[in-house]
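Colleague: Kindly return the folded structure for what I paste below:
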Amino acid sequence: MMLAAYMYINFLLFCCMNKVAMALETEKTSLRDNILEKIYVTESSDLHSMILNTSARKYETLRARKIFDAYMPSYCTLDTPERLPHPISEANGLVLMVSCDVDGSHIWSFELFRAMVNDMLKLTEIDVGLSLSCRGNGTVNLPWPMRANNLRYLEVQACYIVDHYTEAYEYKIDELPDTIESFRMKDCVIINDISYFEYQLKSNAFLLTRASICGPENAKLFAYVNITATFYGSKSLALKEFRNLGKLYTKNITIMAANTVSCQYRNLVVFDQSQTKNHGSTYFQDLIGHSYPVLKVLNFSNTELYNIPPSLRHWRLNFPKLKVLDLTNNHISDLIIFIDHDPDSSDKGVINLQYNNLTSVSDNQLKNFFEKHSSFYIDVQNNPFSCGCEMRDVKHFILNNTKTKPRNSSEYSYLRGLKCQNPKSVAGRELITLSDADIGCGSEIQVLQSGPIIILCVLVFVLFVCLVVIIRYRVEIKILAFTRFNIVFPCQQQDNLDNKKFDAFVAYSQQDSDWVLKNLVWQLETKLQNHDQRFHLCLHQRDFTVGAPIAENIINSIERSRHTILVISSNFVRSEWCLMEFRTAFHQSLIEKRRHMIIIVMGDLPHGELDTDIKRCLKTLTYLETHDRLFWDKLVYALSDKQRLRRRGRNHSRLALSHQSHYLSSPKY
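Modeller: Predicted coordinates for the structure are as follows:
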């Protein structure tokens, strides 16, 4: 009985435990089923929402593509990326990227693009990017500042741009939202209609819109690289008028910008104007009149700068967060002093002056770099440095700097590799590896000792050159010394013919009387009548004895004259009376045994018709030519009585001849 009772109790316990286990299993199954049901319902809801969203996006994309096809030409494509290129922030709606490859046979229109975007916005929220690339003289219509609704990204490359300033005075552009965050324009040519450009220059700059002055104020990146401008049109502006209009326009817009417009570039990080060379005279001054609170990169490389603009010499005064000032590949030759306006900053920047025209740097400048520039350093490597003796202190400063390790030494470690370009003997070698002798400092004492010898050699050379000049131009010097300064050299021949009535008898052809009377006689008699050095000429129509034979008059006139002036021309050689006058004068020269004749050749002579004696005289005697620039000086010198002039008061004569040289300098023709 006891065993049966024990077995019965065990059976009851087993049944109870089995029911408890089954109950627990049922409860677990129910709990698992509830959890799975909840998971299934949640996943089904998310999946359903995802399906609905995908369908809606596809629908919006299809509708946007239909609008795109209606407005844009066939050479444009439409993409729907997840987001626009860096640095555009995350999109709020449908992302559309319009890309156009414009060839030379098309002109792309920004107006159509703007209308397309407006129609798309009626369907859904969108963020738009635009990329324009051109080939074969492809042209785009792109009015500055290129505002369109929700245009976030704009890139233009290698295009000809027309109608670029047509919206400068349209205030409706100011009403469009300024949404561009990234603007890149590279290798483009802006084509201006010269008539419209003249209208703009003459217009009141105070009527310009803020949009046209500031451009995309919300941009994070602004790149305006290698942009040039040209003009077309039938009308032309005179250069002076164009410059005056340009100065007036620049003055007006500068005053207006300073007084009324301050552009706020709150998000601008990179400002790139490299390779764009047409910066006006007030460009950099206008640049600092705006706000750039977060600008980090300022690029003016390869812009043909010859000097560092004063507005860029003040580090972080106008650009408080600037890290890179790029002035590479210009023509800067003067390393000026920069002023650090953020000396306590740990955020160090760089002023890059590589590939300029810097030929030297002083140790004082380097010391200034190390001691006064805390928030930036200056990079001057890859410049054509000339390593002469003046660079010795620079070399020692660099060597000492590597030992003492002052602040900024890590940034200026490149100075240890600074290479020389001139002179050729040290070209390509590092400055710190050169000895004093290599840079021309080892022979300073020798140079000082050889100084007097060098000076003596220079003086000897100068004296030699002067002697050569005096010998080569001795005749001209003698003539000018006499006519201009009344100097009579002792070796000069002096006449002693005070008994002669006339200074000269003038023999000439009647056909040449106009030149003789209006030029020769006027110069020698009339023009000098109020001065001591004037001449009394014998003229046949004025001084011949009336009733006497012509031959007798000619002989008497020549005998009573110290000289005979022969005005030989083609008319002279064909006149018998002129030839007689020549032979009589020639005979008188033989009698007086001196140079009695003064021959003036006027114009080209017919050598085949020349008398034999005239030919002989032209070959053996020095004659004057009317086109000679010293003609009047030589003639006055030949006519003057040097002995008579010397007897006059020297001071009085100098004054008279000074006036004479003034009159002879401008003959009347």
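Colleague: Would you agree Asp101 falls within a strand?
Modeller: Yes. Assigned with DSSP: H, G, I helix; E, B strand; the rest coil, Asp101 falls within a strand.
Colleague: Make sure it is actually in contact with Gly136.
Modeller: No. Applying Cβ atoms under 8 Å, one finds Asp101 not in contact with Gly136, separated by 10.4 Å. For the C-beta atoms, the positions are set from N, CA and C on the backbone; glycine is no exception.
Colleague: how many neighbours does His314 have?
Modeller: 14 (other Cβ atoms under 10 Å).
Colleague: Pairing partners for it in the sheet, please.
Modeller: Using DSSP bridges, the beta-bridge partners of His314 come out as Ile339.
Colleague: so how far is the strand or helix carrying Phe461 off the chain centroid?
Modeller: In the assignment (DSSP states H and E), Phe461 maps to helix 451-472. What separates the centre of helix 451-472 from the centre of its chain is 41 Å, taken as Cα atoms, centre = their mean, to the nearest Å.
Colleague: Show me what that helix packs onto, helices and strands only.
Modeller: Identification of packing neighbours for helix 451-472 by 3 or more Cβ pairs under 8 Å, 6 or more residues apart in numbering; DSSP states H and E yields no helix or strand.
Colleague: Report the mean confidence score over that helix.
Modeller: Helix 451-472 carries an average pLDDT of 84.
Colleague: Stretch 362-379 too?
Modeller: For stretch 362-379, mean pLDDT rounds to 85.
Colleague: Show me what counts as buried in stretch 174-182.
Modeller: Neighbour counts over stretch 174-182 (16 or more other Cβ atoms under 10 Å) mark 178-182 as buried.
Colleague: Strands - which of those land there?
Modeller: Mapping the buried residues of stretch 174-182 onto strands (DSSP state E) picks out Ser182.
Colleague: for the stretch 301-450 of the chain, which spans come out with low pLDDT?
Modeller: Counting by pLDDT under 70, the stretch 301-450 of the chain has low-confidence residues at 402-409, 442-450.
Colleague: what do you get if the cut-off is 50, keeping everything else the same?
Modeller: Along the stretch 301-450 of the chain, the model assigns pLDDT under 50 to residues 445.
Colleague: And the stretch 51-200 of the chain, by the same measure?
Modeller: Applying pLDDT under 50 to the stretch 51-200 of the chain flags residues 51-52.
Colleague: at 80 instead, please
Modeller: Applying pLDDT under 80 to the stretch 51-200 of the chain flags the ranges 51-57, 91-92, 193-200.
Colleague: Run through the strands of it in chain order.
Modeller: Ranges of strands in the stretch 51-200 of the chain, per DSSP state E, counting those that start in this stretch, are 76-79, 94-102, 107-109, 126-134, 139-141, 151-157, 160-162, 182-186, 189-193.
Colleague: which one of those strands lies closest to Asp393?
Modeller: Nearest to Asp393, of all these, is strand 182-186, at 44.0 Å by Cβ to Cβ.
Colleague: any chance of the buried residues of stretch 174-182 in CSV, plus distance to Leu566?
Modeller: Shown next, in CSV, are the buried residues of stretch 174-182 (distance: Cβ to Cβ, whole Å):
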residue, distance to Leu566
Asp178, 91
Thr179, 95
Ile180, 89
Glu181, 93
Ser182, 90
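Colleague: just to revisit the earlier point, which of the strands of the stretch 51-200 of the chain sits closest to Phe271?
Modeller: Taking these one by one with Cβ to Cβ, strand 182-186 is closest: 10.4 Å.
Colleague: neighbouring strands for that closest one, and are they parallel or not?
Modeller: Here strand 182-186 has these sheet partners by DSSP bridges: strand 151-157 (parallel), strand 221-225 (parallel).
Colleague: in the longest one, what counts as buried?
Modeller: Spelled out, it's strand 151-157. Applying 16+ other Cβ under 10 Å to strand 151-157 flags 151-156 as buried.
Colleague: would a markdown table of those with distance to Tyr165 be doable?
Modeller: A markdown table is the format used below for those (distance: Cβ to Cβ, whole Å):
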| residue | distance to Tyr165 |
| --- | --- |
| Leu151 | 19 |
| Arg152 | 24 |
| Tyr153 | 23 |
| Leu154 | 17 |
| Glu155 | 20 |
| Val156 | 15 |
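Colleague: biggest separation within those residues, which pair?
Modeller: Using Cβ to Cβ, the buried residues of strand 151-157 reach their maximum pairwise distance at Arg152 and Val156, which is 14.9 Å.
Colleague: re earlier: what's the closest of the strands of the stretch 51-200 of the chain to Lys424?
Modeller: Minimum separation from Lys424 across the strands of the stretch 51-200 of the chain (Cβ to Cβ) falls at strand 182-186, 38.9 Å.
Colleague: Now do that closest one against strand 126-134: the angle between them, please.
Modeller: 10 degrees (axes from the mean of the first three to the mean of the last three Cα atoms, to 10 degrees).
Colleague: now strand 182-186: how far from the chain's centre is it?
Modeller: That offset, for strand 182-186, works out to 25 Å (Cα atoms, centre = their mean).
Colleague: Over to Leu268. Which of the three states is it?
Modeller: coil.
Colleague: so who does it touch?
Modeller: With contact taken as Cβ atoms under 8 Å, 6 or more residues apart in numbering, Leu268 is in contact with 219-222, 292, 294-295.
Colleague: can you pull out the helices in the stretch 251-400 of the chain?
Modeller: In the stretch 251-400 of the chain, the helices defined using DSSP state H, counting those that start in this stretch lie at 283-287, 363-372, 392-404.
Colleague: May I see the ones you listed organised as CSV, with distance to Lys500 and mean neighbour count added?
Modeller: Conversion of the helices of the stretch 251-400 of the chain to CSV gives the following (distance: least, Cβ to Cβ, whole Å; neighbours: other Cβ atoms under 10 Å):
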stretch, distance to Lys500, mean neighbour count
helix 283-287, 79, 16
helix 363-372, 79, 15
helix 392-404, 77, 15
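Colleague: Make a markdown table out of the ones you listed and add distance to Asn299.
Modeller: Output for the helices of the stretch 251-400 of the chain, formatted as a markdown table (distance: least, Cβ to Cβ, whole Å):
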| stretch | distance to Asn299 |
| --- | --- |
| helix 283-287 | 13 |
| helix 363-372 | 22 |
| helix 392-404 | 29 |
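Colleague: Now do the contacts for the closest residue to Ile107 other than its chain neighbours.
Modeller: Excluding the flanking residues, the one nearest Ile107 by Cβ to Cβ, 6 or more residues apart in numbering is Thr139, at 4.7 Å. Applying Cβ under 8 Å, 6+ apart, one finds that Thr139 lies in contact with 102, 104, 106-108, 159-162, 191.
Colleague: returning to that earlier point: which one of Asp101 and Gly136 has more residues nearby?
Modeller: Comparing Asp101 with Gly136 by other Cβ under 10 Å, the one with more neighbours is Asp101, at 15 against 10.
Colleague: What is the neighbour count of the nearest residue to Ala223 once chain neighbours are set aside?
Modeller: When the adjacent residues along the chain are set aside, Ala223 lies closest to Asp272, with 4.0 Å between them (Cβ to Cβ, 6+ apart). Neighbourhood size, Asp272 [other Cβ under 10 Å]: 21.
Colleague: quick one, what contacts the residue nearest the centre of the chain?
Modeller: Nearest residue to the geometric centre of the chain (Cα atoms, centre = their mean): Glu304, 6.5 Å. With contact taken as Cβ under 8 Å, 6+ apart, Glu304 is in contact with 277, 330-331.
Colleague: Can you say which of those are buried?
Modeller: Of the contacts of Glu304, these count as buried by 16+ other Cβ under 10 Å: Asn330.
Colleague: Export the contacts of Glu304 to TSV and append columns for distance to Leu207.
Modeller: Below are those laid out as TSV (distance: Cβ to Cβ, whole Å):
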residue	distance to Leu207
Lys277	29
Asn330	36
His331	37
